[in-house]
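A.B. asks: got a sequence here, can you model it:
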Amino acid sequence: MQYTYRTKGTCSSAIRFEIENGLLRNVVFTGGCNGNLKAIGKLVEGREAKEVAATLRGNTCGPRSTSCADQLAQAIEAALEA
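C.D. replies: Prediction:
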């Protein structure tokens, strides 16, 4: 199933992704640091969604209390709860 999550407190504005049989697929960020966010998408492709959320949860960016990676963790958690 495909999900779209509107981010809060980051340079990226949204994250689109799919979860198939508990695995992440096609993670794409809108906006933000293009190269780094493409890399995150590649690194998490095919990995267990719960594991990725646990790994990325709480990651910050500079003085912000969140980051694009943390927002991905929150998006995954919300999708898994839905």
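
A.B. asks: for the protein, just list every one of the helices.
C.D. replies: For the chain, the helices defined by DSSP state H cover 34-44, 49-56, 68-81.

A.B. asks: what's next to the last one, contact-wise?
C.D. replies: Contacts with helix 68-81, where a contact means Cβ atoms under 8 Å, 6 or more residues apart in numbering, come from 1, 3, 5, 7-12, 15, 17, 19, 24, 27, 29, 32-33, 36-37, 40, 44, 49-50, 52-61, 66. From N, CA and C alone the C-beta is placed, and that goes for glycine too.

A.B. asks: now do that helix, average pLDDT.
C.D. replies: In this model, helix 68-81 has an average pLDDT of 98.

A.B. asks: any buried residues in that helix, and which?
C.D. replies: Cys68, Ala69, Asp70, Gln71, Leu72, Ala73, Gln74, Ala75, Ile76, Ala79 (16 or more other Cβ atoms under 10 Å).

A.B. asks: likewise for stretch 56-65?
C.D. replies: Under the neighbour-count criterion of 16+ other Cβ under 10 Å, stretch 56-65 has Leu56, Cys61 buried.

A.B. asks: just how off-centre is that stretch within its chain?
C.D. replies: Centroid displacement of stretch 56-65 relative to its chain, using Cα atoms, centre = their mean, to the nearest Å, is 13 Å.

A.B. asks: only C-alpha atoms, please: export that stretch in CSV.
C.D. replies: The C-alpha trace of stretch 56-65 is given here as CSV (Å, rounded to 0.1, in the frame of the first residue of the first chain):
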residue,chain,number,x,y,z
LEU,A,56,15.9,6.5,12.5
ARG,A,57,13.5,7.6,15.3
GLY,A,58,14.9,10.6,17.3
ASN,A,59,17.5,11.6,14.7
THR,A,60,17.9,15.4,14.7
CYS,A,61,19.1,18.0,12.1
GLY,A,62,21.2,20.9,13.5
PRO,A,63,19.2,22.7,16.2
ARG,A,64,15.9,21.2,15.1
SER,A,65,14.2,18.6,17.3
